[in-house]
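Engineer: Structure, please.
(2 chains)
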Number of protein chains: 2
Amino acid sequence: MINIEEALNIINKETKILGIEKRDLLDSVNRVLAEDIYSKDNLPPFNKSSKDGYAIKSSDTFNCSRENSCKLKIKGIIKAGDFIEDTLKNGEAYKIMTGAPVPKGADAVIKIEDIETEDNNLLIFEEIEKDNNIIKFGEEIKLGDLAIKKDCVIRPVEIGALASLGYSNINVYKAPTVALIITGDELVDINSNIEKGQIRNSNEYSLKALVTGLNAEVLSLGIVSDDKENLKEKMKYALENSDIVITSGGASVGDYDFVKDILKEIGADIKFSKIAIKPGKPVTFATFKEKLFFALPGNPSSIITTFQKFVKPSIEKMMGKDNFDSEEFPVKLMYDFHDEVGREKYVYVQIKKVDGSYCAYKVGSQCSNHLMTMSRANGIVIVPKEIGDVKAGQVLNGKFIFRK
Amino acid sequence: MINIEEALNIINKETKILGIEKRDLLDSVNRVLAEDIYSKDNLPPFNKSSKDGYAIKSSDTFNCSRENSCKLKIKGIIKAGDFIEDTLKNGEAYKIMTGAPVPKGADAVIKIEDIETEDNNLLIFEEIEKDNNIIKFGEEIKLGDLAIKKDCVIRPVEIGALASLGYSNINVYKAPTVALIITGDELVDINSNIEKGQIRNSNEYSLKALVTGLNAEVLSLGIVSDDKENLKEKMKYALENSDIVITSGGASVGDYDFVKDILKEIGADIKFSKIAIKPGKPVTFATFKEKLFFALPGNPSSIITTFQKFVKPSIEKMMGKDNFDSEEFPVKLMYDFHDEVGREKYVYVQIKKVDGSYCAYKVGSQCSNHLMTMSRANGIVIVPKEIGDVKAGQVLNGKFIFRK
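Structural biologist: Numbers count the residues shown, from 1 in each chain, chains lettered A, B, ... in the order given. Sure, this is the predicted structure:
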């Protein structure tokens, strides 16, 4: 049995970035940029008015005041999208709309709220500084400048920025295909009534939701019966057709838990098969050529816990992402907790802020078979492996789960 | 000009839950459950072994010890998915696999790691308590019990829980269709070179990414020219065919900003048209029959800021979600900041944790036209409207943006 940290280090060492693919801009949200993006233009590509107002020469407003207004001749109007070749001369002004190019000769824009007009003349009652309300040519970025660095996660703002730079498709890191094999002769389809000894196949659904939530692809082989030859064929097929294989169940110590035997037979390199975590101890991690293989426990709560802790960082690293785990913070456990020393325990709880500090309330049995408990939880409290029992009122580290 | 809180209250008051639709389970991730879910079964549907081991009568282990082992006859094996009618008698044991039903008569399971076998006999070296390693019939949930409450956001764990309960489709709240109208005669397609006076249409892309990121539907009408009759037709079409309409640009005070005029002409109820926020002051919010209309400013940074602050909570409420805004926390501003009093300022920064406290570093001009600045930011610092200038070292509230 190895520690969580060791397990994560081993997995991390075996996980490589998959490769690069070109994708349409809007299909790249939450993917990671695999190239440096340089600006193909100066932005803005012209001196641009940031307000609706009048383009003027600032020198024409020298000594203007409420008592001593200045008068300029309005020569015309410049709308956004227009471009005029005319050069503004002293004593002249152009009406100008937000986003429109400031004409040559003008060096300031006065807001429409601050002026008056009289016939075809503009009246100004204050001194205006040079560059007032002008977004200067190339102020945001210059032609050839590095705009967005490689390895940046693409958020809606990067979508906008890339669009403004004229990139309609970009190179991003590939997302892995994750094969799912659900083992267990007790499993039936979720639309079935459950007969004696049976339960419904919920793990395939949780895993599909978890994998697609990370923007990775799912290749589900569905329920595979506890028949060794059949399972072996499915495992080989999965390894050939995906980047990561996950099995649910069949990796414990029972007579019908064939996954580890098959891994040995096909020559996979088994790195470890037990982790000091609760729920979820029986996790086997193996590599086969460039592929990763995670044999996760069949209990519904264990499989979600171990997926989030061990598989998620691996999928994210393949896609070029740093592992973003939600931050841990101190949480006061509000009830007595009993367990054994030896494994780090992830206790599913409801975390609430009470008088400025976080408190963790019981939501049900921590039995790894009970998904209902996790469904009532919004967080976990982490009980270190050296500790078995915790008294109500003790403060431990905790964090939120599934939080957007 | 109204305050941010007032604006949010008005929008909230006008926003109603849209309705209910039935969706396939896996298409319901991140949607909100619109019905109480009751269990159609007892889970587990039988006394279930939580370990690989032997099903026994606990009374048969009375006084068993390392020195004085007890011997039971192994009658057979029960695999997961099996169900045997036989009743265990004193002196007997069944080998049993994890997940398999415990036979009648047995009241405990001893782990395979803790026993020895000799011929067809089981040797036990310790006293085993009743219910050891048994997950009891109905322990997780009973037939008819409330399993998952209405209004719960469906996370991967709920997908698993609903699958285990046999729900392959469920009632969730409908997601709104959000129509996008991008105005501005200076805008060109993102694949175009930019000629004099033009810029690329980035707002349509940012908005599409933002709306789809909330699991809502986009109906994009693309770039609409600054021609009043044309814009009016498009606005009417959008109102007929969506739940929320967003316009980008055209809602300022310029001669060609027709959106507000058209809203008045068609009889929309304009609730406000300026908010004390920077970036993003010129936000018009109107209602037309049951539809909501947001006229957002055209500056790329303003539109993302105002979408996140004002439109996102409205979309989420329609879908039955509580507004989940990332939490604010104290952040030390690491540079001198200058602005005016009067609006609450959202300053885009890079927030880093240094020696246990959060520090905000400058990432570029706060000009609302500069998307590059926001692209370098991972958070905002909020400068209250009563404050204009902030000295380096002052602590303000901040939060992360776009954080999963």
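Engineer: Let me see the ranges of the helices in the stretch 101-250 of chain A.
Structural biologist: Secondary structure of the stretch 101-250 of chain A by DSSP state H, counting those that start in this stretch: the helices cover A:156-164, A:203-213, A:228-241.
Engineer: swap that for the stretch 301-404 of chain A, please
Structural biologist: Along the stretch 301-404 of chain A, counting by DSSP H, counting those that start in this stretch, helices occupy A:312-318, A:371-375.
Engineer: Can you name the residues of the stretch 301-404 of chain A that neighbour chain B?
Structural biologist: Applying C-beta under 8 Å from any C-beta of the partner chain, we find that the stretch 301-404 of chain A lies next to chain B at A:304, A:324, A:365, A:367-372, A:374-375, A:377, A:402, A:404. In this view, the C-beta of every residue, glycine as well, is placed from N, C-alpha and C.
Engineer: Just the buried ones among those residues, please.
Structural biologist: Burial by neighbour count, 16 or more other C-beta atoms under 10 Å in any protein chain shown: within those this picks out A:304, A:367-372, A:374-375, A:377, A:402.
Engineer: Out of the helices of the stretch 101-250 of chain A, which is closest to A:Ala276?
Structural biologist: Closest approach to A:Ala276 among the helices of the stretch 101-250 of chain A (C-beta to C-beta): helix A:203-213, 22.5 Å.
Engineer: and the closest one, does that touch chain B?
Structural biologist: Yes. With C-beta under 8 Å from any C-beta as the criterion, chain B is reached by helix A:203-213 at A:203-206, A:208-210, A:212-213.
Engineer: Adding pLDDT, distance to B:Lys16 and neighbour count, write the residues you listed out as JSON lines.
Structural biologist: Shown next, in JSON lines, are the residues of helix A:203-213 next to chain B (pLDDT from 0 to 100; distance: C-beta to C-beta, whole Å; neighbours: other C-beta atoms under 10 Å in any protein chain shown):
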{"residue": "A:Asn203", "pLDDT": "96", "distance to B:Lys16": "38", "neighbour count": "31"}
{"residue": "A:Glu204", "pLDDT": "97", "distance to B:Lys16": "36", "neighbour count": "25"}
{"residue": "A:Tyr205", "pLDDT": "98", "distance to B:Lys16": "31", "neighbour count": "26"}
{"residue": "A:Ser206", "pLDDT": "97", "distance to B:Lys16": "33", "neighbour count": "27"}
{"residue": "A:Lys208", "pLDDT": "98", "distance to B:Lys16": "32", "neighbour count": "21"}
{"residue": "A:Ala209", "pLDDT": "97", "distance to B:Lys16": "28", "neighbour count": "24"}
{"residue": "A:Leu210", "pLDDT": "97", "distance to B:Lys16": "33", "neighbour count": "27"}
{"residue": "A:Thr212", "pLDDT": "97", "distance to B:Lys16": "30", "neighbour count": "15"}
{"residue": "A:Gly213", "pLDDT": "95", "distance to B:Lys16": "29", "neighbour count": "18"}
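Engineer: can you list the weak-confidence ranges in chain A?
Structural biologist: Along chain A, segments meeting pLDDT under 70 span A:251-256, A:324-325, A:403-404.
Engineer: Mind splitting it into its structural domains?
Structural biologist: Per automatic domain parsing, the structural domains of chain A span A:4-18+A:174-318, A:20-43+A:140-173, A:48-135, A:329-400.
Engineer: Now distance to A:Val153 too, for the residues of helix A:203-213 next to chain B, in JSON lines please.
Structural biologist: Output for the residues of helix A:203-213 next to chain B, formatted as JSON lines (distance: C-beta to C-beta, whole Å):
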{"residue": "A:Asn203", "distance to A:Val153": "29"}
{"residue": "A:Glu204", "distance to A:Val153": "29"}
{"residue": "A:Tyr205", "distance to A:Val153": "27"}
{"residue": "A:Ser206", "distance to A:Val153": "25"}
{"residue": "A:Lys208", "distance to A:Val153": "23"}
{"residue": "A:Ala209", "distance to A:Val153": "21"}
{"residue": "A:Leu210", "distance to A:Val153": "19"}
{"residue": "A:Thr212", "distance to A:Val153": "18"}
{"residue": "A:Gly213", "distance to A:Val153": "15"}
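Engineer: Distance check, the closest residue to chain B within the stretch 201-350 of chain A against A:Pro300.
Structural biologist: Closest contact between the stretch 201-350 of chain A and chain B, by C-beta to the nearest C-beta, is at A:Ser206 (3.3 Å). In this view, A:Ser206 and A:Pro300 are 7 Å apart by C-beta to C-beta, to the nearest Å.
Engineer: Next, show the common contact partners of the two.
Structural biologist: A:371, B:160 (C-beta atoms under 8 Å, 6 or more residues apart in numbering or on different chains).
Engineer: list the buried ones in stretch A:284-291?
Structural biologist: Buried positions in stretch A:284-291, judged by neighbour count with 16+ other C-beta under 10 Å: A:284-288, A:291.
Engineer: Then stretch A:378-391?
Structural biologist: For stretch A:378-391, by 16+ other C-beta under 10 Å, it's A:378-383, A:385, A:387, A:390.
Engineer: Buried deepest among the helices of the stretch 101-250 of chain A, which one?
Structural biologist: Compared across the helices of the stretch 101-250 of chain A, helix A:156-164 shows the largest average neighbour count, a mean of 28 (mean count of other C-beta atoms under 10 Å in any protein chain shown).
Engineer: Which elements pack onto it?
Structural biologist: Applying 3 or more C-beta pairs under 8 Å, 6 or more residues apart in numbering or on different chains; DSSP states H and E, we find helix A:156-164 packed against strand A:146-148, strand B:199-200, helix B:203-213, helix B:300-306, helix B:371-375.
Engineer: can you list the ones you listed in a markdown table and add distance to B:Ile351?
Structural biologist: Shown next, in a markdown table, are the helices and strands packed on helix A:156-164 (distance: least, C-beta to C-beta, whole Å):
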| stretch | distance to B:Ile351 |
| --- | --- |
| strand A:146-148 | 19 |
| strand B:199-200 | 29 |
| helix B:203-213 | 21 |
| helix B:300-306 | 16 |
| helix B:371-375 | 13 |
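Engineer: Tell me which of these sits nearest to A:Asp60.
Structural biologist: Closest to A:Asp60 of these, according to C-beta to C-beta: strand B:199-200, at 28.4 Å.
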